[in-house]
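Visitor: Structure, please.
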Amino acid sequence: MAQDYAERAKWFLLEAENALTADNNAICVRRSQEALELAVKAVLRRLAIEYPREHDVSEAIETAAERLPDHIRARIEEIKTMLMELARVRGPALYGYEVEGIPASQAFSAEYAAETFAKTKPLVELCVRFASE
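Guide: Alright, predicted model coming up:
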């Protein structure tokens, strides 16, 4: 399971990068979120840790911190911060802000998408490497 999650996380990361290149900011944000979520869940699976069936697994990865290698533990706050932030915008990245009438295609700036991808990519790669070992 961990290996499968890791492979799909890599795929979502590639889709995020492609979306960024195509100026599809919402899809870049959404795929970045999915990539990080699956990468962290791959780490948790590798450690045989059950996690809540939700998109924000920041508490679960914090609970697992003592069992993580130093190079991941050193970045645990970054991972938690990105998990929480991206879980909040996961829905709007697909549906937009419906109440406000803002479609997903207009909900995220190019700068936000690029920053999100730049922060997420190394964290996904870090988790995928560990989960795939």
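Visitor: pLDDT score for the residue positioned nearest the centre of the chain?
Guide: Note on the chain: the residue nearest the mean C-alpha position is L36, at 2.1 Å, using Cα atoms, centre = their mean. As predicted, L36 sits at a pLDDT of 97.
Visitor: Can you name the residues that contact it?
Guide: Shown in contact with L36 (Cβ atoms under 8 Å, 6 or more residues apart in numbering): 9, 79, 82-83, 86, 120, 123-124, 127. To be clear about C-beta, it is placed using only N, CA and C from the backbone, and glycine gets the same treatment.
Visitor: possible to save those residues as TSV with secondary structure?
Guide: Formatted as TSV, the contacts of L36 follow (DSSP: H, G, I helix; E, B strand; the rest coil):
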residue	secondary structure
A9	helix
I79	helix
M82	helix
L83	helix
L86	helix
T120	helix
L123	helix
V124	helix
C127	helix
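Visitor: Dump those to CSV, plus distance to Q106, neighbour count and pLDDT.
Guide: Putting these into CSV (distance: Cβ to Cβ, whole Å; neighbours: other Cβ atoms under 10 Å; pLDDT from 0 to 100) gives the following:
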residue, distance to Q106, neighbour count, pLDDT
A9, 28, 26, 98
I79, 29, 26, 96
M82, 23, 22, 96
L83, 25, 25, 96
L86, 19, 23, 97
T120, 21, 27, 98
L123, 27, 21, 98
V124, 26, 27, 98
C127, 31, 28, 96
